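K.L.:
Here is my input; please provide its structure:
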Amino acid sequence: MDIADRAELTVVGFAIRTTNADEMDPARAKLPTLWQRAGAPGAFAHVPGRVDENLYAVLTDYESDHNGAYTEIVGIAVRTVPRLPEGMVAVRVPAAQVLKVQARGQLPQALAEAWQQVRKHTESGGTPSRAFTTDLEVHHPEGVDLYIAV
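P.N.:
Okay, the predicted model is just below:
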């Protein structure tokens, strides 16, 4: 994990509210459906001003910590907030100092391992401590980069 500065960006996408406990139970998990929807061909074809071809996951609106509810938005980075297609939301990801964790290798296993690193850091009282404000995953051809707010 490295400390880095994350630039501000705006993400337009689909949102759900969930908990890590719910995501461990296939009957209650919402993230697989969210990712399926966001990853569908043409899901963002009607959103102008796309910055790149990456998919972004914004984890925000934390109820407390990694045990509480949070909102996840999966979408694309845009230059400006367009008129939103039905069912989509826009979220501003503020500039922040972050822990950067890279997930490389076979996905989704590499991503799960990267999040496990973050959990260990959090639960062990690692410094800098996690802020639970707005975290970001950037999914690109080489893997996934996590930007965890501190």
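K.L.:
neighbours around Asp25, how many?
P.N.:
Burial of Asp25 is recorded as 9 neighbouring residues (other CB atoms under 10 Å). Yep, even glycine has a C-beta here, placed from its N, CA and C like the rest.
K.L.:
just Thr134 next, same as before
P.N.:
22.
K.L.:
And for Ile16?
P.N.:
15.
K.L.:
can you check the one 4 residues further on too?
P.N.:
A count of nearby residues for Asn20, using other CB under 10 Å, gives 14.
K.L.:
Make 624 the starting number, not 1.
P.N.:
Noted, 624 is the first residue going forward, which turns the last one into Asn643.
K.L.:
That one against Ser687, yeah?
P.N.:
No. Taking contacts as CB atoms under 8 Å, Asn643 lies outside contact range of Ser687: 11.5 Å.
K.L.:
wait, Ile696 sits on Thr683?
P.N.:
Yes. Counting by CB under 8 Å, Ile696 does reach Thr683; the two are 7.3 Å apart.
K.L.:
tell me, what's touching these two both at once?
P.N.:
Common neighbours of Ile696 and Thr683 are listed as Val714 (criterion: CB atoms under 8 Å, 6 or more residues apart in numbering).
K.L.:
okay, these two: which has more neighbours?
P.N.:
The residue with more neighbours, out of Ile696 and Thr683, is Ile696; 23 against 20, by other CB under 10 Å.
K.L.:
any idea which residue sits dead centre in this structure?
P.N.:
When the chain is reduced to its mean C-alpha position, the nearest residue by CA atoms, centre = their mean turns out to be Ala680, at 2.6 Å.
K.L.:
quick one: that one from Gly749, how far?
P.N.:
22 Å (CB to CB, to the nearest Å).
K.L.:
now do Val697
P.N.:
27 Å.
K.L.:
what do you get for Ala735?
P.N.:
19 Å.
K.L.:
Same drill for these two, tell me which one is more crowded.
P.N.:
Gly749 (15 against 10).
K.L.:
Check the nearest residue to that one once chain neighbours are set aside and give its pLDDT.
P.N.:
Computed as CB to CB, 6 or more residues apart in numbering, the closest residue to Gly749 that is not its neighbour in sequence is Lys743, at 7.7 Å. Lys743 carries a pLDDT score of 93 in this model.
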